[in-house]
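Student: turn this into a model:
(one chain, ligands or ions: 1)
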Amino acid sequence: MVNRNSGHLAVLGAQWGDEGKGKIVDLLAPVFHIVARAQGGHNAGHTVFVNGKETILHLIPSGILHAGVTCVIGNGVVVDATALFAEIDQLAEQGIDTTGRLFVSDRAHLILPYHRDIEAVSEARLGRQAIGTTSRGIGPSYEDKVGRRGIRIADLAGGRTSERLSSLLDSAVVARNLAVGTDVMSAESLRDELSELWERLAPMVTDTATLLHTALSADKKVLFEGAQGSMLDIDHGTFPYVTSSNSTIGGMCTGLGVGPHAIEAVLGIVKAYTTRVGSGPLPTELIDSSGDRLRESGKEYGASTGRPRRCGWFDAVAVRYAVQVNGIDALALTKLDILDDQPELPVCTGYRCGDTVLTTPPGSIEDLARCRPEYEVLPGWAGSGRCAGVRREADLPARARAYIVRLEELTGAPAAIISTGPDRNDTIVRESGIATRWLR
Ligand code: IMP
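Tutor: Take a look at the predicted model:
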């Protein structure tokens, strides 16, 4: 039986990704035994600064930076083993040993080189309607999974002689060669590559759902780490300009094989403004110099691809929706310091679509593209103090505190954590917030 006041916490992005989950998970991780990832792949980029040193993790949960923490890559994640090994090697160079504390689900699907090639072809075919993916093969791997022809990690155990693996690879390579048309991939060399990968992967592979079940039954504390953001969710996001997995709360259960009661609380991470990489409507986007200013001061360039992020004002419609679909209990508000120089801060309270003002995002992407933001303009705190590096709530400028209160009212969730800089220590844990349970 799982204890319902268990202290297990889910942390997920409540915008379009890049909200700063890496820093918040890193902050919380020391009080958890396990940090588990449920979905996505190495399209994610979790940036963590410790003592001024930057580490970017793509696939491995951010908890790995803490020696006593076990990390799980669940069945809902799509795994590029080569990318995983590169990350393990990078951590080893920094003196972080993952041996015996990083586990990968035997049910997770693999990303193989043909997935990346197929993605390149399909993005090119879409032309101006391209999704603007991270080009990591994420979508095609999930397509193979749902199409029931994907290769799971457990399929590698049979080695080169496995009939099942051989026939899956043969069909996939034929499909890839047809789609790409020019250079030819050989299933034979892929089989060699996979048996080499398996050698290194095997010690990390296990039934992670059972590993988690055992841990939960023993009252070990688990932090469920989300990737991407709610508005990139395949069901609830701005479809089709989304990623291919459920980045909302349900994805935690299916992607790790745990029941909903295993999660005691949901912490939604939100940036104090809005960013997005890739294509698709972004109602509060600033396509002028104010967007450029936000991008430069917030260093808004993709952690995985280096692409400039599109920037805009805080969109309370999107975040309120994320609060609703995830049952978010509290928010962690990040990058408040980036707004230090703004004289005023428009906040989007509704989407004007023709004669109506919507308070939730429309289902049709064409309607969303037509929506114009309705703004409430709040005064900035430029000239009356700064948030950068502030570590006590009382030291925040009064207008920054008012901004937070208004975001809480508009989104329907209290801010439990406020981040005022990239370092672990540039953080305010609010006395009354749920985070005190984990961080005091
Ligand atoms: P994919 O996940 O590579 O298929 O890309 C689909 C969409 O999700 C694109 O707009 C990507 O830019 C976006 N995306 C995927 N992962 C992340 C992330 O970690 N942060 C922000 N955007 C992401």
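Student: the closest residue to the ligand within the stretch 1-150 of the chain and residue 302, how far apart?
Tutor: Relative to the ligand, the nearest point of the stretch 1-150 of the chain is residue 17 (2.8 Å; CB to the nearest ligand atom). Glycine gets a C-beta too; all of them are placed from N, C-alpha and C. Residue 17 is 9 Å from residue 302, where distance means CB to CB, to the nearest Å.
Student: compare these two (neighbour count), which wins?
Tutor: residue 17 (30 against 17; other CB atoms under 10 Å).
Student: rewinding a little: which neighbours do residue 17 and residue 302 have in common?
Tutor: Residues touching both residue 17 and residue 302 (CB atoms under 8 Å, 6 or more residues apart in numbering) are residue 277.
Student: any idea of the mean pLDDT for stretch 368-375?
Tutor: Regarding stretch 368-375, the rounded mean pLDDT is 97.
Student: got the buried residues for it?
Tutor: Judged by neighbour count (16 or more other CB atoms under 10 Å), stretch 368-375 contains these buried residues: 368, 371, 373-375.
Student: dump the residues you listed to a markdown table, plus distance to the ligand and secondary structure.
Tutor: Compiled in a markdown table, the buried residues of stretch 368-375 are given as follows (distance: CB to the nearest ligand atom, whole Å; DSSP: H, G, I helix; E, B strand; the rest coil):
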| residue | distance to the ligand | secondary structure |
| --- | --- | --- |
| 368 | 15 | helix |
| 371 | 19 | coil |
| 373 | 20 | strand |
| 374 | 25 | strand |
| 375 | 24 | strand |
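Student: for those residues, give me JSON lines that also has distance to residue 343.
Tutor: Putting the buried residues of stretch 368-375 into JSON lines (distance: CB to CB, whole Å) gives the following:
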{"residue": "368", "distance to residue 343": "29"}
{"residue": "371", "distance to residue 343": "26"}
{"residue": "373", "distance to residue 343": "19"}
{"residue": "374", "distance to residue 343": "20"}
{"residue": "375", "distance to residue 343": "14"}
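Student: and the residues you listed, which is closest to residue 276?
Tutor: Nearest to residue 276 among the buried residues of stretch 368-375: residue 368, at 12.6 Å, using CB to CB.
Student: residue contacts, the closest one?
Tutor: 238, 281, 283, 351, 361-362.
Student: if we use 7 Å, what do you get?
Tutor: With contact set as CB atoms under 7 Å, 6 or more residues apart in numbering, residue 368 has these partners: 238, 281, 361-362.
Student: helix or strand right after the one helix or strand residue 125 maps to?
Tutor: Element membership for residue 125, per DSSP states H and E: helix 113-126. Proceeding N to C from helix 113-126, the next assigned helix or strand is helix 138-146, under DSSP H and E.
Student: residues contacting that following helix, please?
Tutor: Residues beyond helix 138-146 that count as contacts (CB under 7 Å, 6+ apart) turn out to be 41, 43, 78, 109-111, 115, 118-119, 133, 150, 243-245.
Student: got the angle between the helix or strand following it and helix 138-146?
Tutor: Note on helix 138-146: by DSSP H and E, the next helix or strand toward the C-terminus is helix 163-180. Comparing the axes of helix 163-180 and helix 138-146 via axes from the mean of the first three to the mean of the last three CA atoms, to 10 degrees yields an angle of 140 degrees.
Student: who are the packing partners of helix 163-180?
Tutor: Secondary-structure packing of helix 163-180 (3 or more CB pairs under 7 Å, 6 or more residues apart in numbering; DSSP states H and E): helix 113-126, helix 187-201.
Student: what does the protein have sitting close to the ligand?
Tutor: 17-18, 43-45, 131-134, 136, 138-139, 227-228, 232, 241, 243-244, 277-278 (CB under 6 Å from any ligand atom).
Student: what do you get if the cut-off is 8 Å, keeping everything else the same?
Tutor: Listed as neighbours of the ligand in the chain under the rule CB under 8 Å from any ligand atom: 13, 16-18, 40-41, 43-46, 119, 131-136, 138-139, 227-229, 232, 241-245, 276-280, 302-305, 307, 309.
Student: assign residue 275 to helix, strand or coil.
Tutor: At residue 275, secondary structure determined by DSSP: H, G, I helix; E, B strand; the rest coil is strand.
Student: which element, helix or strand, includes residue 36?
Tutor: Element membership for residue 36, per DSSP H and E: strand 34-37.
Student: hang on, the earlier thing: can you put the contacts of helix 138-146 in TSV and add distance to residue 97 and neighbour count?
Tutor: As requested, the contacts of helix 138-146 are exported to TSV (distance: CB to CB, whole Å; neighbours: other CB atoms under 10 Å):
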residue	distance to residue 97	neighbour count
41	23	31
43	26	29
78	25	28
109	27	23
110	25	23
111	25	30
115	30	26
118	36	23
119	33	23
133	33	22
150	31	22
243	31	27
244	32	23
245	29	28
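Student: just the buried positions in the helix or strand containing residue 88, please.
Tutor: Assigned by DSSP H and E, residue 88 belongs to helix 81-93. Within helix 81-93, the residues that qualify as buried by neighbour count (16+ other CB under 10 Å) are 81, 83-84, 87-88, 91.
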